[in-house]
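[1] okay, predicted coordinates and the sequence, questions at the end:
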Amino acid sequence: MGDRALRLPRPEGSARALVSRLRGLAGVEDLVLGDHAVAVTFTETPPQTLVASLLAALRETPREAPAPPALHVIKVRYDGPDLRAVALHAGLGPEEAAALHASVTYTVELLGFAPGFAYLGPVPEALRLPRRSTPRARVPAGSVAVALDRTGVYPFDSPGGWNLLGTAVGFAPFEPTLGARLGLGDRVRFERVL
């Protein structure tokens with residue numbers, strides 16, 4: 001990753017606490033969290049003392065976030081073009097699949113793909129299925145989708161390969177003047193609307 005960055009195994013525990021702890025280290029310019037790794041970029045080639053501080057911070061990250069996470073309720077109209085296929089995969093009817101998706105409180109586990117796109121999880125086992133074999137050239141903004149063990153809301157019209165369950169009503173994951181509405185560790189509930 002060059003002489004100003006390190007890629008390290010991501011420790012278990014709170015993503016919010018990890019980001020807070022690492023961003024607080026002098027010399028850390030940016031970081032990217034993945035499922036199993038964290039990439040840290042420094043303002044200059046890090047001295048060994050900074051690397052040692054970084055490794056200590058990774059080991060000492062609390063398992064729980066230091067502050068209570070926000071809870072967001074997102075209204076969803078379960079009208080997605082893939083709802084029937086997801087329901088069939090789960091051995092459920094479309095109404096049951098929608099109810100199952102809305103029955104869980106999800107956690108923002110990762111941020112990425114596009115500004116404001118939050119990877120929420122875990123999805124109930126019955127609703128876990130792979131990405132579509134052929135991605136769509138255009139997924140409408142506000143689409144609520146699932147793939148593997150995650151769900152999310154598309155912040156913009158964009159290409160995408162997730163299975164579309166419905167449409168968020170009155171919720172924009174990204175506001176140009178405010179930025180991303182969901183943060184690491186936040187909790188999300190989907191509420192069915194007609």
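    Arrived safely. The structure presented is a predicted model; accordingly, all values stated were derived computationally and were not measured. Numbering: from 1, shown residues only.
[2] for the chain, give me the ranges with low pLDDT.
    Low-confidence regions of the chain, defined by pLDDT under 70, span residues 1, 13-14, 61-67, 177-178.
[3] contacts only, for the most centrally placed residue in the chain.
    In the chain, the C-alpha closest to the average C-alpha coordinate belongs to residue 119, at a distance of 1.8 Å (CA atoms, centre = their mean). Counting by CB atoms under 8 Å, 6 or more residues apart in numbering, residue 119 makes contact with 108-113, 150, 152. Bear in mind the C-beta positions are built from the backbone N, C-alpha and C, glycine included.
[4] with residue 78 instead?
    Contacts here follow CB under 8 Å, 6+ apart; on that basis residue 78 touches 94, 98, 101-102, 165-166, 192.
[5] I'd like to know which of the residues you listed are part of helices.
    The members of the contacts of residue 78 that map onto helices under DSSP state H are 94, 98, 101.
[6] packing partners for the lengthiest helix in the chain?
    For the chain, the helix that runs over the most residues, judged by DSSP H, is helix 48-60. Taking 3 or more CB pairs under 8 Å, 6 or more residues apart in numbering; DSSP states H and E as the contact definition, the neighbouring helices and strands of helix 48-60 are strand 5-9, helix 15-23, strand 37-42.
[7] could I get the ones you listed as TSV with distance to residue 158 and mean neighbour count?
    TSV is the format used below for these (distance: least, CB to CB, whole Å; neighbours: other CB atoms under 10 Å):
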stretch	distance to residue 158	mean neighbour count
strand 5-9	27	14
helix 15-23	23	19
strand 37-42	23	18
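[8] among those, which comes closest to residue 125?
    Relative to residue 125, the nearest member of those by CB to CB is helix 15-23, separated by 22.3 Å.
[9] and the angle for the closest one with helix 48-60?
    In terms of direction (axes from the mean of the first three to the mean of the last three CA atoms, to 10 degrees), helix 15-23 departs from helix 48-60 by 170 degrees.
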